[in-house]
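>>> Mind looking at a prediction? Sequence and model below.
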Amino acid sequence: MTEHTPAPAALPADPTPGVQALPPAAAPTGPSASPPAPAVAAPPVATGGGGWLGKVAVVLAALAVFAAATMWQRLDRVQEELARRSAEASDHADRARELAERTDAQTQELQARLSVAEIKLSEVSLQRTQLEELMLSVSRSRDDTLVLDIESGVRLAMQQTELTGSVQPLVSALLAADQRISRAAQPRLNPVQRAMGRDIERIKASAVADLPALAAQLDELTRLVDDLPLVNAVPAARGSAKAGSVAVTPAKDTAEANPLRTSSEPDNALDVGVPPTSAAPQVATAWAGLQAQWNRFWAMVVERVTQSTRDLVRVSRIDQPEAVLLAPQQSQYLRENLKLKLLNARLGLLSRQLPGARADMQAVRAALLKYFDPQHAATRRATQTLNEALQTTRSVEMPRPDETLAALAAAAKGR
């Protein structure tokens, strides 16, 4: 950097004639120029008016030389400072470059170490995960076995319930499973225990038909089929009752045949001196007895004739002629057919084939109403039993522990 010092201004021309002004000293123009030599003093001028101008010029020249020297020294110092700072900056740059290269090398080394550490960390994480799974499987093996045992027991109880038609096996299995879970004391099985409690309450509250009892009733009906009276059968009971009344009547008539002998008086009343006046009431009483016996005799004869006539000819309403025209051999086949249908209905109930069992029971009821006497007590009792069985088997659906099975499946998936 080079500073240029302005040249001093030219002095004004001396108005004094005969005196010439000296030219100003030239300032240094380059860095290598030596300091200017001191100006040679001009010879004194004889004239007195131009002396002060020369002095001023000399002072100004001295000042200019001093300023130039000062500026030059300052310029040298600035150049030295710039060179020093440039050297320092270059040294710092070299050091920074070396540090950057060293940092880059360390960064690359650290990245390599970090990659190796990440690989080892991933391997450790994988091993830890596998170890946790192994420990979890070992710790939960007992619970999983318990869940599987409970599920298999509940499903077996469901099959027994379907076969027997009773909910008692299912309720017993759920209660036993609840006790096992309580003894295990595993918190993750608490939802299963709550679901079992709800299923037990729902199953106990459900109305389930007692199929074994229905099968026993059908067995009883099978045994009663032979005793059911047909529509075209002769009412033997009524005839036997009439015969019994007729058989009793002659004994009574015999007792009343001789009212004199049944009186309170002895046979030898005349021998003991009974007065003749006492025989008149006895004759009147005997005559009245004979007249009553005669009336009863004719009444019995009329009744027997009327009953015989009624037995010969019967008038009744016939809604189904085939029931009246049924032959004795066909009636035997009818009873056997009803027995077979009742046995099929019983097997259908025990095998849980409810539609087929209901169809057989409806056929038996229709046959009872068609071919057998509906007024007889045995027929009415059989018809009532069939109606109750049909009403009971209308909706026989065994309850299922769906909540328990869902909770067991969730517990098995959560392992």
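Arrived safely.
>>> Can you report how many residues lie near residue 90?
Other residues near residue 90 come to 10 when the count uses other C-beta atoms under 10 Å. Every C-beta, even on glycine, is put in place using the N, C-alpha and C of the backbone.
>>> Ranking helices and strands of this structure by mean pLDDT, which lands last?
Each helix and strand of the chain was given a mean pLDDT (mean pLDDT, DSSP states H and E); the minimum falls on helix 236-255 at a mean of 40.
>>> Residues in contact with stretch 332-352: which ones?
Applying C-beta atoms under 8 Å, 6 or more residues apart in numbering, the contact partners of stretch 332-352 are 162-163, 165, 211, 214-215, 218-219, 221-222, 225-226, 228, 326, 353-354, 356-358, 360-361, 363-364, 367-368, 371, 393.
>>> Using CSV, write out every CA atom in it.
Presented in CSV, the C-alpha positions along stretch 332-352 are these (Å, rounded to 0.1, in the frame of the first residue of the first chain):
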residue,chain,number,x,y,z
GLN,A,332,-103.3,-105.3,16.1
TYR,A,333,-101.1,-104.0,13.3
LEU,A,334,-102.2,-100.4,14.3
ARG,A,335,-101.1,-100.9,17.9
GLU,A,336,-97.7,-102.3,16.7
ASN,A,337,-97.3,-99.4,14.3
LEU,A,338,-97.9,-96.9,17.1
LYS,A,339,-95.3,-98.7,19.3
LEU,A,340,-92.8,-98.4,16.5
LYS,A,341,-93.4,-94.7,16.0
LEU,A,342,-93.1,-94.1,19.8
LEU,A,343,-89.8,-96.0,19.8
ASN,A,344,-88.6,-94.0,16.8
ALA,A,345,-89.6,-90.8,18.6
ARG,A,346,-87.7,-91.9,21.7
LEU,A,347,-84.6,-92.6,19.7
GLY,A,348,-84.9,-89.3,18.0
LEU,A,349,-85.0,-87.5,21.3
LEU,A,350,-82.0,-89.3,22.6
SER,A,351,-80.0,-88.7,19.4
ARG,A,352,-81.0,-85.0,19.3
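>>> May I see the buried residues of that stretch?
334, 335, 338, 339, 341, 342, 344, 345, 346, 348, 349, 350 (16 or more other C-beta atoms under 10 Å).
>>> how about the last one, phi and psi?
In this case it means residue 350. Main-chain dihedrals, residue 350, degrees, to the nearest 10: phi -70, psi -30.
>>> pLDDT score assigned to it?
We note a pLDDT of 79 for residue 350 in this prediction.
>>> just checking, what packs against the helix or strand hosting residue 111?
Applying DSSP states H and E as the criterion places residue 111 in helix 51-164. In this structure, helix 51-164 packs against helix 168-184, helix 402-413, with contacts taken as 3 or more C-beta pairs under 8 Å, 6 or more residues apart in numbering; DSSP states H and E.
>>> ends of stretch 349-359, how far apart?
11 Å (C-alpha to C-alpha, to the nearest Å).
>>> please begin residue numbering at 38 from this point
Got it, first residue is 38 now, which makes that one stretch 386-396.
>>> that older thread, ok, which of the helices and strands packed on helix 88-201 comes nearest residue 129?
helix 439-450 (68.7 Å; C-beta to C-beta).
>>> Can you tell me what sits against that closest one?
Contacts of helix 439-450 (C-beta under 8 Å, 6+ apart): 180-181, 184-185, 187-188, 191, 211, 214, 225-226, 228-229, 231-233, 235-236.
>>> before we move on, back to that, report the buried members of the contacts of stretch 369-389.
By 16+ other C-beta under 10 Å, these give 202, 248, 251-252, 255, 258-259, 262, 265, 363, 391, 394-395, 397-398, 400-401, 404-405, 408, 430 as buried.
>>> Low-confidence ranges, this structure, go.
Low-confidence segments of the chain, defined by pLDDT under 70: 38-87, 175-177, 202, 244-247, 270-317, 348-362, 432-434, 451-452.
>>> Report the residue ranges of every domain in it.
177-245+437-450, 248-268+357-432 (automatic domain parsing).
>>> Just send those back as TSV, with distance to residue 130 too.
Formatted as TSV, the domains of the chain follow (distance: least, C-beta to C-beta, whole Å):
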stretch	distance to residue 130
domain 177-245+437-450	67
domain 248-268+357-432	99
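>>> I'd like the distance between residue 126 and residue 322.
177 Å (C-beta to C-beta, to the nearest Å).
>>> Looking at these two, which one has more neighbours?
It is residue 322, of residue 126 and residue 322, that has more neighbours when counted by other C-beta under 10 Å, with 13 against 10.
>>> Look up which helix or strand the more buried one falls in, please.
Short version: residue 322 belongs to helix 316-349, going by DSSP H and E.
>>> do residue 381 as well
helix 365-387.
>>> coming back round to it: mind putting the helices and strands packed on helix 88-201 in a markdown table, distance to residue 97 included?
Output for these, formatted as a markdown table (distance: least, C-beta to C-beta, whole Å):
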| stretch | distance to residue 97 |
| --- | --- |
| helix 205-221 | 118 |
| helix 439-450 | 110 |
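>>> out of these, nearest to residue 151?
helix 439-450 (39.7 Å).
>>> thinking residue 243 is in contact with residue 207, fair?
No. When contacts are counted by C-beta atoms under 8 Å, residue 243 is not listed as touching residue 207 (10.6 Å).
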